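Colleague: sequence below, structure please.
(2 chains)
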Amino acid sequence: MVNSNYIIEITNVTKNFPDKVVLDNVSLSVRKGEFLTILGPSGCGKTTLLRLLAGFNSASSGEIVIGGESMTGVPPHLRPVNTVFQRYALFPNYNVYDNIAFGLKLQKVDKAEIENRVKRALKMVGMTDYEHRDVQSLSGGQQQRVAIARAIVNRPQVLLLDEPLAALDLKMRKDMQMELKEMHRDLGITFVYVTHDQEEALTLSDTIVVMNEGKIQQIGTPTDIYNEPCNAFVADFIGESNILNATMVRDRLVRFMDKEFECIDEGFGENTPVDVVVRPEDVYIIRNAEAAMFHGVVRSCTFKGVHYEMFVETPDGYEIMIQDYNAFEPGTEVGMMIKPADIHVMRKERTENHVEGVMIDATHVEILGEQFECLPQEGIEAGAKVDVAFDFSAVELTDDPDDGVSWGTIRFILYKCDRYHLTVRTDEGENIYVDTHDVWEDLDEVGITISPKALRITKL
Amino acid sequence: MKRFMKFFNRRRSWSLPYVIFMAIFVVMPLVLIMIYAFQSKDGSFSMENFHRFINQPEAANTFIYSIGIALITTIICLILGYPAAYILSRLKLSTARLVVMLFILPMWINVLVRTLATVALFDFLRLPLGEGALIFGMVYNFLPFMIYPIYNVLQKMDGSLIEAAEDLGATPRQVFTRVVFPLSTPGIVSGIMMVFMPTISTFAISELLTMNNIKLFGTTIQENINNGMWHYGAALSLIMLIIIGITSLFTDSSEDGANEGLL
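Modeller: From the prediction side, this is the model:
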């Protein structure tokens, strides 16, 4: 699989920390000269992946190849990459010039050449005449510029950037984004950029890699990722979106909000449960409710600078987010339309919960580390390993973790226009998925109860 | 009563007992030393005591010898202490705490008891008491004061600085010489202060570990005062105070600069 177009090849890389899997079988190739962004919420493993590339951590398994050479066992100082750190990491004992010259001096580049290159690097980041300043006297933005100069002056094959703009204020961040993009074009080297800011990723990148829970969710161009998110997580994370449960009736026809809509997706099969994503700017809102595809009442309207953001409630209780240049007063009856091409259909990752368990006796099964009551089971002896399935809506959550049979922490909340789809991580580290109308908050600790009738048990 | 409560409730007022204690047992003696040092035996102002220090070789020699011993002790402490602190700072925090604790544990025992135990140890091993024993005793007593500040600075050092140096091509050795060591100087400086200053004025350790054969400056002061030579003793104390004061002033300013660098 040697392909000279790729500067970085990551193959089946897994990284375990003592108590969790941070990267789970990640594979990724980066083209030469590409601006690639790894995007994801905090704790998704993006920084760990960058640290594996830099060599600060080593992978538990899998291989990383940079510039055609395997990096397994290669220490950071011998790798053809340089890093720009989030908190700059400038050496406080050196001035600006010596910070930037640090790498070149180690390579024993001759003095005149060092001076020449440091000056050029300073010019590139717009910091000419700052050579002799103490790094501590610089502002955050200036320090970050010096940090970038310190990395690019070594002419690495790959520049790694770990949330370099996260500590800057909004205005500064926008300016720096443009400058980074220019620098990338002028230098012609590969940038691997880590951020949790989706807007930044969309603005800067040639390719975006969306990560969550140690896994790559989607790889694509900014337009692809925005227009064709491959699952509900990506759709929710990138931009604003309405995500709904739907059924693919047949090719080019999808049913959601109890109505059938034409779409352009094919190949999902007939009557298949799917998720549908509609971007808020893709819903057309009109005064005439009769002529529209569906109708509702405006519940709120907020001015957002360029557009208005409105929430419209349909008679069936679905809440749709809409962005439009025209404002509609709350209380107005309105009609809505969606073009077939703007309905994005995504395969559901799962339609019910599946967990492994052990039969305790005829009416009890051990799942999620606790004993749950179930309907009397025939033909499954005590001690047998079983698969237990239950619907998302069969799970009841309680405020007090002690009130449930088992307990867990809410890790991810997805709003589906009429309900919340929650990911709950149990104390045993298993994920279960819950549909609820109640409002919970991220990281709430909840008790978990499941009705005995809802448990469908099959012997493994 | 109301007024008293108001006075009592002000947090500043709570420092009053300490202020009074300081005034009586620290400030007053310092003032007395100043006054005594510039008086002759009959109580009139004179520089007699200082002339005597300069003209009498015995006290001045002891002074120079004491500084020499203090320097040797400090250097040995630094050579032993820095690697120890460095290794400690690399350990897991819980392990490091335990080891630091083990280093500090002997400090809970009174210095005289420890020194007497050292004497007994030397006797048992049939090693001669004298200069070697003195330096051993000093290093043994003051080593933790060197390790702790250095460990503190190293442990708080931003790990990304080390990673940045590695990233820019520094070998582990270069990371140490170009980044870690320069950035740990504030710890070294305060370690040196903590060892050097008290070692100049010790007398118990030198008396016990050399069977009174070697006199340090602390001993000279103590002897003078014990023999009723209050004025000369006060002058000698003042000279020592000035030397310590100068070194601490010098290091304070450099430490400030270095600490700023760490923030």
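Colleague: would you mark the buried spots in the longest helix along chain A?
Modeller: Ranked by residue count under DSSP state H, the longest helix found in chain A is helix A:170-187. For helix A:170-187, the neighbour count (16 or more other C-beta atoms under 10 Å in any protein chain shown) marks A:Met172, A:Arg173, A:Met176, A:Gln177, A:Leu180, A:Met183, A:His184 as buried. For glycine as for every other residue, the C-beta is placed from the backbone atoms N, C-alpha and C.
Colleague: and those residues, which two are furthest apart?
Modeller: A:Met172 and A:His184 (18.4 Å; C-beta to C-beta).
Colleague: starting from the helix or strand hosting A:Phe311, tell me which strands it pairs with and how they run.
Modeller: If you go by DSSP states H and E, A:Phe311 is part of strand A:308-313. Sheet pairing for strand A:308-313, assigned by DSSP bridges, gives strand A:294-303 (antiparallel), strand A:319-324 (antiparallel).
Colleague: what's downstream of the last one, the next helix or strand?
Modeller: Think strand A:319-324. strand A:333-338.
Colleague: what is the mean pLDDT for that following strand?
Modeller: For strand A:333-338, mean pLDDT rounds to 93.
Colleague: centre of the chain to it, how far?
Modeller: The chain centre lies 31 Å from the centre of strand A:333-338; the measure is C-alpha atoms, centre = their mean, to the nearest Å.
Colleague: what strands line up against that strand, and which way round?
Modeller: strand A:283-286 (antiparallel), strand A:294-303 (antiparallel).
Colleague: that older thread, how far does the strand holding A:Phe311 sit from its chain's centre?
Modeller: Worked out by C-alpha atoms, centre = their mean, strand A:308-313 lies 25 Å from the chain centre.
Colleague: residues from the stretch 101-250 of chain B in reach of chain A?
Modeller: With C-beta under 8 Å from any C-beta of the partner chain as the criterion, the stretch 101-250 of chain B meets chain A at residues B:158, B:160-161, B:163-171, B:174, B:178-179, B:182-183.
Colleague: contacts made by stretch A:159-171 with the rest, please.
Modeller: Contact partners of stretch A:159-171, identified using C-beta atoms under 8 Å, 6 or more residues apart in numbering or on different chains, comprise A:47, A:50, A:53-54, A:81-87, A:140-141, A:144, A:147-148, A:151-152, A:172-173, A:176-177, A:180, A:187, A:189-197, A:200.
Colleague: and if you look at stretch A:357-373?
Modeller: A:355-356, A:374-378, A:380-388, A:405-406, A:408, A:426-428, A:430, A:432, A:448, A:450, A:452, A:455, A:457.
Colleague: any chance of a PyMOL selection covering the buried ones in those?
Modeller: If you want just the buried ones from those in PyMOL, going by 16+ other C-beta under 10 Å, the selection is:
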select buried, chain A and resi 355+374+377+380+386+388+405+406+408+426+430+432+448+450+455+457
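Colleague: give the contact list for the residue of the stretch 1-150 of chain B found nearest chain A.
Modeller: Nearest residue of the stretch 1-150 of chain B to chain A, counting by C-beta to the nearest C-beta: B:Lys92, 11.8 Å away. B:Lys92 makes no contacts at all, as judged by C-beta under 8 Å, 6+ apart.
Colleague: looks like A:Phe233 contacts A:Met211 (just checking).
Modeller: No - A:Phe233 lies out of contact with A:Met211 (C-beta atoms under 8 Å); the separation is 9.9 Å.
Colleague: if we check chain B, which of the contacts of stretch A:159-171 are in contact?
Modeller: A:Ala54, A:Val81, A:Asn82, A:Thr83, A:Phe85, A:Arg87, A:Ala151.
Colleague: take those and keep only those in helices.
Modeller: A:Ala54, A:Ala151.
Colleague: select from the ones next to chain B among the contacts of stretch A:159-171 the one having the most neighbours.
Modeller: A:Thr83 (31 neighbours; other C-beta atoms under 10 Å in any protein chain shown).
Colleague: quick one: the strands in the stretch 351-460 of chain A?
Modeller: For the stretch 351-460 of chain A, the strands defined by DSSP state E, counting those that start in this stretch cover A:353-361, A:364-367, A:370-373, A:385-390, A:395-398, A:406-415, A:420-426, A:431-436, A:445-450, A:456-459.
Colleague: mean pLDDT for those - can I get that in CSV?
Modeller: Converted to CSV, these look like this (pLDDT from 0 to 100):
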stretch, mean pLDDT
strand A:353-361, 90
strand A:364-367, 90
strand A:370-373, 89
strand A:385-390, 91
strand A:395-398, 90
strand A:406-415, 89
strand A:420-426, 90
strand A:431-436, 91
strand A:445-450, 91
strand A:456-459, 89
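Colleague: now these in JSON lines, with distance to B:Arg11?
Modeller: Putting the strands of the stretch 351-460 of chain A into JSON lines (distance: least, C-beta to C-beta, whole Å) gives the following:
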{"stretch": "strand A:353-361", "distance to B:Arg11": "58"}
{"stretch": "strand A:364-367", "distance to B:Arg11": "57"}
{"stretch": "strand A:370-373", "distance to B:Arg11": "52"}
{"stretch": "strand A:385-390", "distance to B:Arg11": "60"}
{"stretch": "strand A:395-398", "distance to B:Arg11": "46"}
{"stretch": "strand A:406-415", "distance to B:Arg11": "42"}
{"stretch": "strand A:420-426", "distance to B:Arg11": "46"}
{"stretch": "strand A:431-436", "distance to B:Arg11": "51"}
{"stretch": "strand A:445-450", "distance to B:Arg11": "39"}
{"stretch": "strand A:456-459", "distance to B:Arg11": "66"}
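Colleague: please verify my assumption that A:Ile432 contacts A:Asn353.
Modeller: Yes - counting by C-beta under 8 Å, A:Ile432 touches A:Asn353, with 5.1 Å between them.
Colleague: who touches both of these two?
Modeller: In contact with both A:Ile432 and A:Asn353: A:Val395, using C-beta under 8 Å, 6+ apart.
Colleague: circling back: check the residue of the stretch 1-150 of chain B closest to chain A and give its pLDDT.
Modeller: Looking at B:Lys92, the pLDDT reads 85.
Colleague: so what's B:Asn224 up against?
Modeller: Taking C-beta under 8 Å, 6+ apart, one finds B:Tyr232, B:Gly233, B:Leu236 in contact with B:Asn224.
Colleague: ok, back up a step: could you identify which of the strands paired with strand A:333-338 is most buried?
Modeller: Most buried of these, by mean neighbour count (mean count of other C-beta atoms under 10 Å in any protein chain shown): strand A:283-286, with a mean of 18.
Colleague: could I get the average pLDDT for that one?
Modeller: 92.
Colleague: now do that strand: everything it contacts.
Modeller: A:242, A:292, A:310, A:312, A:320, A:322, A:324, A:326, A:328, A:334-339.
Colleague: pull the CA atoms of that strand into CSV?
Modeller: Taking Å, rounded to 0.1, in the frame of the first residue of the first chain, the C-alpha atoms of strand A:283-286 are listed here in CSV:
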residue,chain,number,x,y,z
VAL,A,283,-36.6,25.0,5.4
TYR,A,284,-38.7,27.6,3.4
ILE,A,285,-41.2,29.5,5.5
ILE,A,286,-44.3,31.2,4.0
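Colleague: buried set for the host helix or strand of B:Ala59?
Modeller: Assessed by DSSP H and E, B:Ala59 sits inside helix B:57-90. The neighbour-count check on helix B:57-90 (16+ other C-beta under 10 Å) flags B:59-60, B:62-63, B:66-67, B:69-70, B:72-74, B:76-78, B:81-82, B:84-86, B:88-89 as buried.
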